[in-house]
Each structure stands twice: as structure tokens, then as C-alpha cells.
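Enquirer: What follows is a protein structure lacking sequence information:
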């Protein structure tokens with residue numbers, strides 16, 4: 001099974017990073033209020049980044065690495081991967 005790291009742009013301009021095996025399904029969960037606690041108070045508007053990983057462990061490690069990046073670097077990732 002393929003796993004993905006993804007970033008969402010929220011209504012307030014913030015970015016949310018997570019992992020999923022089906023990014024579109026997970027995005028729909030976030031939009032419906034059944035995703036992460038953060039996205040309940042910061043409604044997502046778009047998937048702006050996705051990166052395929054070899055397994056769940058790799059996705060979790062990549063998610064942790066992305067979360068440590070400064071906002072400017074996260075925005076660079078979204079620009080490089082604009083076909084999310």
C-alpha cells in the first residue's frame with residue numbers, strides 16, 4: 001500500500017501536514033469536520049502538496065521532517081509540487 005505525506009492550505013492561510021493512504025478521502029474527512037482537531041478550527045480549502053512514500057514508517061518520518069521546517073521552506077515545497 002502506498003502512503004503519502006500531504007499539506008493542506010487552510011482558510012486562514014495556515015498549512016496542515018499529515019499522512020494518508022488516500023489523500024482525497026482524507027481531505028474530504030478534514031473538510032467534513034471528521035479529520036484532525038486542528039482542521040476543525042482551521043477549515044482546509046485545498047491540498048497543496050503530496051509526496052508518495054514507500055511505506056507508513058517512511059511517511060511518518062517525512063511528515064515529522066516537514067513539520068520541523070520553517071514556513072518559508074514549506075511554501076517552497078508547495079511551489080515545487082504545484083500539481084498536488
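Expert: That came in fine, so what should we check first? Everything quoted here is computed from the prediction, not taken from an experiment.
Enquirer: ok, and the closest non-adjacent residue to the residue lying farthest from the centre of the chain?
Expert: In the chain, residue 1 marks the outermost C-alpha relative to the chain mean, sitting 18.1 Å out by C-alpha atoms, centre = their mean. Closest residue in space to residue 1, ignoring its immediate chain neighbours: residue 21 at 5.5 Å, by C-beta to C-beta, 6 or more residues apart in numbering. To be clear about C-beta, it is placed using only N, CA and C from the backbone, and glycine gets the same treatment.
Enquirer: quick one: contacts for the one you found?
Expert: Applying C-beta atoms under 8 Å, 6 or more residues apart in numbering, one finds that residue 21 lies in contact with 1-4.
Enquirer: go with 7 Å
Expert: Counting by C-beta atoms under 7 Å, 6 or more residues apart in numbering, residue 21 makes contact with 1-3.
Enquirer: could those go into JSON lines alongside pLDDT, secondary structure and distance to residue 50?
Expert: What follows is these, written out as JSON lines (pLDDT from 0 to 100; DSSP: H, G, I helix; E, B strand; the rest coil; distance: C-beta to C-beta, whole Å):
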{"residue": "1", "pLDDT": "83", "secondary structure": "coil", "distance to residue 50": "15"}
{"residue": "2", "pLDDT": "91", "secondary structure": "coil", "distance to residue 50": "11"}
{"residue": "3", "pLDDT": "97", "secondary structure": "strand", "distance to residue 50": "11"}
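Enquirer: Mind putting the residues you listed into TSV with distance to residue 25?
Expert: Rendered in TSV, the data for these read as follows (distance: C-beta to C-beta, whole Å):
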residue	distance to residue 25
1	13
2	13
3	13
